[in-house]
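> using only what follows, build the 3D model:
(chains A and B)
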Amino acid sequence: MIKLNNVEKVYRTDRVETLALQNINLDIAPGEFVSMMGPSGCGKSTLLNLIGLLDAPTAGELELDRQKVRGWRDGDLARFRNEKLGFVFQSFHLVPDLKVVDNVEIPLLYRKGSTAARRKAAREALDRVGLSSRVTHFPTQLSGGQQQRVAIARAIVGKPRILLADEPTGNLDSAMGEEIMDILHDLNKKDGTTIVMVTHDERFARRTDRIVRLFDGRQVA
Amino acid sequence: MTRHLLKLVWNRKRTNALIVAEIFISLLVIFAVLAGAVNFATNWRRPLGYDYHDVWNIRADLEHEENPEKNPHMHESMMHVLHEAQSFPEVVAAAGSNTPAYGFSTDSNGTDMNGHYVDLIVDDVTDDFTRTMQLHVLRGRFFTREDDAAQYRPAVVDENTARSLFGTLDVVGRKITWKDTPEDTLRIVGVVSGYRKAGETSDPVNMVFRRVAPDHKFGGLIRNIIVRVRPGTSAAFEETLLNRLQAAAPDMSFRLQHMDRMRRDALRLYLAPVVLLSVIALFLISMVTLGLTGVLWQNVTRRTREIGLRRATGATGSRVHRQILGEVLLLASIACAIGVVVILQLPILGAFRVVTPASFTTGLIGALAAIYALTLLCGLYPSWLASRLQPADALRYE
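The predicted structure is shown next:
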């Protein structure tokens, strides 16, 4: 499902060149739940951004869902992100001025479909994460755990094949973290969604199928 | 997507209120400037109804006289002065006028016609006025000696007066009765083309010329002798003419002005505040443009993470660009809707006394177009910046 061959990422400014990732080789099978661990600044989020097509590698090859990502234009990248990828972020990234249901609908705005169909899909996604009673609330009216569940609903509303979660439990207490992990597991097991999760928490990482460890931009395990 | 934008704009109403207020004020300012400009341009292109070239205005100073209108001696003196002026070969025609074109004095009156009050501008003139000012007689005739035996005071009206008072009816032979002094009833003997006494900047007015008879039968006063001279008449003739007139009426003093100079002075007086207001309006609009760009820019910066999220969930750069512009245009539409409601109340407050309905409408349409262009211009750079944001960078933005 996800293949990286000799991927490298270098950040260049006028004076400094920072090697964020080097020689990354990774093969993640469909339906696999993989966690990525490593100290801060080791390149976990950078790697997730590359897989999520939010950033481009400096060198190496990236293959997603059996498609080689090479020479893709902005429209191609956007379409792939919209149809095949779902994102969950540590800080939720909910739009505070939109109601929960409107936040969840956002990915569907960039697809064809009626308003009614969008609304139905958003409600189903919220139901899936146990928030069907909060559809008309604003994000600020929800707890951190509930906000993250809204973010997960938004990530899965378009039925993506790959879910990328960047420290989804990082801003939550352990109980809420467990709740989020339960939801992610449920998605992985029931829907067969491939999940790549960045985490600092060993307990949550152990609940995944495989742990990829990074250190100073290198893959160490 | 439109519904989504509406929700966003509505839910951010407090933040957007400032932008809407700025656009609303800009709309009012642009409307005022454009309506005024269109009105000015329309009036400028309209015929004046007379020719001011090679026309001199000689004003007699009668201010020290008490009730000069009722003083037959004063009238005799002025008629004598008029005859003297007519006697020069350099003079093509000369006539008396109480409130001539481009002069700053106006005699206004009004009459009730079919239940509504009609404002009229009045000038008392002598028979040769039409030849001197080269008026265009459309129906009937101008004043002649034939009017000496008239039972009612003869009057010539311009086509605007004819239309305002009698619609499409033939007005020759009809009477005008003043609201305040019904005993001074006039009888119309002719119609001239629209006469705008105040010149090119003036809206069409309802003009009435009353005859001042040589024998002063119906009263009236002429304070000015209007002289049309042959083209190319030298300035030296001014002195000759003034000396002769002074000799004819030694107890009066005269001041001669070329009518084109009077026109220039009148234009300056009109244009000075207009130019000043236009400069202030331009400055204000420039400030609003910069301010709006700044506010939109700040708005985009504040929403960097949201833009990153949208990119991550499938929006292309151009889609983000269009969304930001769409929001700006939506805000402009809200401001314009409020603005149009406010502007449409202005006729109730008498706006049509300042500008014509056509200028009002054109000004409103032009202001709306200008506002959309302005907001689009202000939104272009911030929305372009938003579209250039890299998703990963935008999501990391603090």
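> B:Ser359 and B:Ala32 touch, don't they?
No. B:Ser359 is beyond contact range of B:Ala32, at 11.2 Å (criterion: Cβ atoms under 8 Å). Placement of C-beta: from N, CA and C, glycine included.
> okay, the two: which has more neighbours?
For B:Ser359 versus B:Ala32, the count of surrounding residues by other Cβ atoms under 10 Å in any protein chain shown is larger for B:Ser359: 24 against 20.
> now do the helices in the stretch 201-350 of chain B.
Remark: helices assigned in the stretch 201-350 of chain B by DSSP state H, counting those that start in this stretch are B:236-248, B:259-302, B:304-312, B:317-343.
> to A:Arg206, which of these lies closest?
Smallest distance to A:Arg206 across the helices of the stretch 201-350 of chain B (Cβ to Cβ): 27.9 Å, for helix B:304-312.
> who does the closest one touch, helix- and strand-wise?
The helices and strands touching helix B:304-312, judged by 3 or more Cβ pairs under 8 Å, 6 or more residues apart in numbering or on different chains; DSSP states H and E, are helix A:74-84, helix B:317-343, helix B:391-396.
> dump those helices to TSV, plus mean pLDDT.
Formatted as TSV, these follow (pLDDT from 0 to 100):
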stretch	mean pLDDT
helix A:74-84	93
helix B:317-343	93
helix B:391-396	86
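> how near is the nearest residue to A:Arg161 once chain neighbours are set aside to A:Leu77?
Among residues not flanking A:Arg161 along the chain, A:Lys84 sits closest, at 5.1 Å (Cβ to Cβ, 6 or more residues apart in numbering or on different chains). From A:Lys84 over to A:Leu77 the distance is 11 Å, taken as Cβ to Cβ, to the nearest Å.
> and A:Phe89, by the same measure?
Using Cβ to Cβ, we find A:Phe89 at a distance of 18 Å from A:Leu77.
> show me which of the two is the more surrounded one.
Set A:Phe89 next to A:Leu77 and count neighbours by other Cβ under 10 Å: A:Phe89 wins out with 24 against 21.
> can you pull up the bridge partners for the closest residue to that one other than its chain neighbours?
Among residues not flanking A:Phe89 along the chain, A:Asp166 sits closest, at 5.3 Å (Cβ to Cβ, 6+ apart). Beta-bridge partners recorded for A:Asp166 (DSSP bridges): A:Phe89, A:Val198.
> now for the residue nearest to A:Arg161, how many residues are close by?
A:Lys84 has 19 neighbours, counted by other Cβ under 10 Å.
> A:Asp97 now?
Neighbours of A:Asp97 using other Cβ under 10 Å come to 21.
> what does B:Gly190 give?
22.
> what does the model give the residue most central in space within chain A for pLDDT?
In chain A, the centroid-proximal residue (Cα atoms, centre = their mean) is A:Leu164; its distance is 2.1 Å. For A:Leu164, the pLDDT comes out at 94.
> check B:Thr201 too.
If you check B:Thr201, the pLDDT there is 89.
> so what's whichever residue of chain B sits closest to chain A up against?
Closest residue of chain B to chain A, Cβ to the nearest Cβ: B:Gly314 (2.5 Å). Contact analysis of B:Gly314 by Cβ atoms under 8 Å, 6 or more residues apart in numbering or on different chains lists A:78-79, A:81-83, A:107, A:110-111, A:158.
> mind running it again at 6 Å?
Contact analysis of B:Gly314 by Cβ atoms under 6 Å, 6 or more residues apart in numbering or on different chains lists A:78, A:81-82, A:107, A:110.
> the residue nearest to the centre of chain A should be in a helix, yeah?
No. Using DSSP: H, G, I helix; E, B strand; the rest coil, the assignment for A:Leu164 is strand, not a helix.
> ok, it - contacts?
Contacts of A:Leu164 by Cβ under 6 Å, 6+ apart are A:48, A:52, A:87, A:196.
> give me that answer again for 7 Å
Residues counted as contacts of A:Leu164 (Cβ atoms under 7 Å, 6 or more residues apart in numbering or on different chains) are A:48, A:51-52, A:85, A:87, A:196.
> repeat that for B:Ile19.
Residues counted as contacts of B:Ile19 (Cβ under 7 Å, 6+ apart) are B:292, B:295, B:331.
> wasn't it part of a strand?
No. B:Ile19: not assigned to a strand; according to three-state DSSP it is helix.
> and it, how far from A:Asp76?
In terms of Cβ to Cβ, B:Ile19 sits 35 Å off from A:Asp76.
> related to what we said a few turns ago, present the contacts of B:Gly314 as CSV; the columns should include distance to B:Thr2.
Shown next, in CSV, are the contacts of B:Gly314 (distance: Cβ to Cβ, whole Å):
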residue, distance to B:Thr2
A:Ala78, 20
A:Arg81, 23
A:Asn82, 19
A:Pro107, 18
A:Tyr110, 14
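> residues near the closest residue to B:Phe352 other than its chain neighbours, how many?
Residue nearest to B:Phe352 in three dimensions, not counting chain neighbours: B:Phe360, with 6.9 Å by Cβ to Cβ, 6+ apart. B:Phe360: 22 surrounding residues under other Cβ under 10 Å.
> test my guess that the residue nearest to A:Phe89 contacts A:Gln90.
Yes. A:Asp166 is in contact with A:Gln90 according to Cβ atoms under 7 Å; the separation is 5.7 Å.
> ok, the closest residue to A:Arg134 other than its chain neighbours - how many residues close by?
Leaving aside its chain neighbours, A:Arg134 sits nearest to A:Val100 (5.4 Å; criterion: Cβ to Cβ, 6+ apart). By other Cβ under 10 Å, 26 other residues sit near A:Val100.
> the helix or strand that contains B:Arg59 to helix B:236-248, inter-axis angle?
Following DSSP states H and E, one finds B:Arg59 within strand B:55-60. Strand B:55-60 runs at 30 degrees relative to helix B:236-248, counting by axes from the mean of the first three to the mean of the last three Cα atoms, to 10 degrees.
> quick one: the strands in chain A, in order.
Using DSSP state E, the strands found in chain A span residues A:2-12, A:17-28, A:33-37, A:59-64, A:67-68, A:85-89, A:162-166, A:194-198, A:210-215, A:218-219.
> want to try JSON lines for those strands, with distance to B:Ile25 as columns?
Putting the strands of chain A into JSON lines (distance: least, Cβ to Cβ, whole Å) gives the following:
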{"stretch": "strand A:2-12", "distance to B:Ile25": "45"}
{"stretch": "strand A:17-28", "distance to B:Ile25": "49"}
{"stretch": "strand A:33-37", "distance to B:Ile25": "53"}
{"stretch": "strand A:59-64", "distance to B:Ile25": "51"}
{"stretch": "strand A:67-68", "distance to B:Ile25": "53"}
{"stretch": "strand A:85-89", "distance to B:Ile25": "40"}
{"stretch": "strand A:162-166", "distance to B:Ile25": "44"}
{"stretch": "strand A:194-198", "distance to B:Ile25": "49"}
{"stretch": "strand A:210-215", "distance to B:Ile25": "55"}
{"stretch": "strand A:218-219", "distance to B:Ile25": "59"}
